[in-house]
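Colleague: following is a predicted model, sequence given first.
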Amino acid sequence: MNYWLIKSEPTAFSIEQLAKEKNQTTCWDGVRNYQARNFLRDDMKRGDLAFFYHSNCSPPGIVGIVEVVREGYPDDTAFDKASDHYDPRSSKENPQWYMVDVRLKETFPRMVTLEELKSIPSLNTMKILQRGNRLSVTPVTPSEWKEVLKQLG
DNA sequence: GCCAACGTTGGC
DNA sequence: GCCAACGTTGGC
């Protein structure tokens, strides 16, 4: 079992919205970065857990946990001309972009803020804290995972 | 709104 | 294959 962190701008899709989805499940579409795509397509497995991170907001931070309930499959928003995520290079015969399905597992009683994560020395290895990191899907180590949860007491 | 960091594109 | 230009991300 692997751990992950996935980012979303809450103005685009928040954990509150996820909570209202049918079965509290959504397809994690729209990722258009090759490194992140590879994680979605090849590495995220059913049963893996991921921190749900709210980015580009004030304050940014981790707001909960989701579980991977369907492994990588073609992101069909890339085929849809009307979609913001349309990519003419991707086709059903040769899909370029992938997504997984995630289900809400837990909404934290409070956000673990970016500022808080930064203040914890043992978390300075987290990808999210690396200078200039913009990847929207990153792996989290078991010890990082545990340390974040410890902040909730 | 600013801007540093980064990924992608395309001319050569 | 190099690299400048450009677009995007995301903290502040």
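Modeller: That came through, no problem.

Colleague: bridged to residue A:62, which residues?
Modeller: residue A:53, residue A:112 (DSSP bridges).

Colleague: which residues does it contact?
Modeller: Going by C-beta atoms under 8 Å, 6 or more residues apart in numbering, residue A:62 touches A:5, A:51-54, A:108, A:111-112, A:117, A:148. Heads up, the C-betas are built off the backbone N, CA and C, glycines and all.

Colleague: next, count neighbours for the residue of chain A found nearest DNA strand B.
Modeller: In chain A, the residue that lies nearest DNA strand B is residue A:132 (1.9 Å; C-beta to the nearest atom of the strand). Residue A:132 has 4 neighbours, counted by other C-beta atoms under 10 Å.

Colleague: could you grab the helix/strand/coil label for it?
Modeller: coil (DSSP: H, G, I helix; E, B strand; the rest coil).

Colleague: could I get the full set of strands for chain A?
Modeller: A:3-8, A:25-27, A:49-54, A:61-74, A:98-113, A:137-140 (DSSP state E).

Colleague: DNA strand C is nearest to which of the ones you listed?
Modeller: strand A:3-8 (4.8 Å).

Colleague: what helices and strands are in contact with the closest one?
Modeller: strand A:49-54, strand A:61-74, strand A:137-140, helix A:142-150 (3 or more C-beta pairs under 8 Å, 6 or more residues apart in numbering; DSSP states H and E).

Colleague: quickly run through the sheet partners of the third one, with directions.
Modeller: When pairs are called by DSSP bridges, strand A:137-140 turns out to pair with strand A:3-8 (antiparallel).

Colleague: could you export the partner strand as CSV, CA atoms only?
Modeller: Listed next in CSV are the C-alpha coordinates belonging to strand A:3-8 (Å, rounded to 0.1, in the frame of the first residue of the first chain):
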residue,chain,number,x,y,z
TYR,A,3,0.6,6.9,0.3
TRP,A,4,0.1,10.0,-1.8
LEU,A,5,-0.7,13.7,-1.7
ILE,A,6,-3.0,15.2,-4.3
LYS,A,7,-3.6,18.9,-4.7
SER,A,8,-6.7,20.7,-5.7
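
Colleague: name the residues that touch that strand?
Modeller: Against strand A:3-8 from outside (C-beta under 8 Å, 6+ apart): A:14, A:28, A:39, A:44, A:48-55, A:62, A:66, A:68, A:102, A:126-128, A:136-142, A:144-145.
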